[in-house]
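*Asks:* This is a predicted model, with the sequence first.
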Amino acid sequence: MDSSTKPAPQSAIEIPPLSMTAPRQWSTGLCDCCKDCSSCCLTCWCPFITFGQIAEIVDKGTISCAMHATIYCLLSYTTGCECVYSYIYRSKLRQQYMLPEQPCNDCLVHCCCECCALCQEYRELKHLGFNPSLGWEGNPASKNERVVLPVMPPAVPGEMER
């Protein structure tokens, strides 16, 4: 093979978007709310905001945070069963990132521990590289299907230097 037919050196590696091929564990436990005190306080006082932020990321921006929060509030104030709406997004999050259904099924987690469940989901999105408070459009991870990282040649000891 002569030098004119050699392929050009690759200067970047494409990394596929974060898609899980094998089951993984939650990054924090259900009752680890104090690991992110700011989101815990927000969730305790205004769970509809936290839920709206989570749902917008999980839905990939198809429905806004404000719309999700409004539906959550209406369900909360009219029926008291907002958990019926919010557990659906826990299930979607788990399916997207292959998380286990623990400590029990999603509906039960949200019915018994709504604030803890929302806090855990918020922390998980942060662990996955999202900032839920920025919304779908504000997150760099949402804009790129693939992340391109530069490739640095390995350093070889005793190599000639200029």
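*Replies:* Arrived safely, thanks for sending.
*Asks:* Any stretches of the protein with poor pLDDT?
*Replies:* 1-22, 141-162 (pLDDT under 70).
*Asks:* spatially speaking, which residue is in the middle of it?
*Replies:* Leu125 (2.7 Å; Cα atoms, centre = their mean).
*Asks:* quick one: which helix or strand includes that residue?
*Replies:* For Leu125, the host element (DSSP states H and E) is helix 114-127.
*Asks:* what packs against that helix?
*Replies:* helix 37-45, helix 47-58, helix 83-97, helix 106-112 (3 or more Cβ pairs under 8 Å, 6 or more residues apart in numbering; DSSP states H and E). Every C-beta, even on glycine, is put in place using the N, C-alpha and C of the backbone.
*Asks:* Tell me which residues of it come out buried.
*Replies:* For helix 114-127, a neighbour-count test (16 or more other Cβ atoms under 10 Å) marks Glu114, Cys116, Ala117, Leu118, Cys119, Gln120, Glu121, Tyr122, Arg123, Glu124, Leu125, Lys126 as buried.
*Asks:* And for stretch 94-114?
*Replies:* When burial is assessed from 16+ other Cβ under 10 Å, stretch 94-114 yields the following buried residues: Arg94, Tyr97, Leu99, Asp106, Val109, His110, Cys111, Cys113, Glu114.
*Asks:* ok, now how distant is the third one from Gly138?
*Replies:* This points to Leu99. 23 Å (Cβ to Cβ, to the nearest Å).
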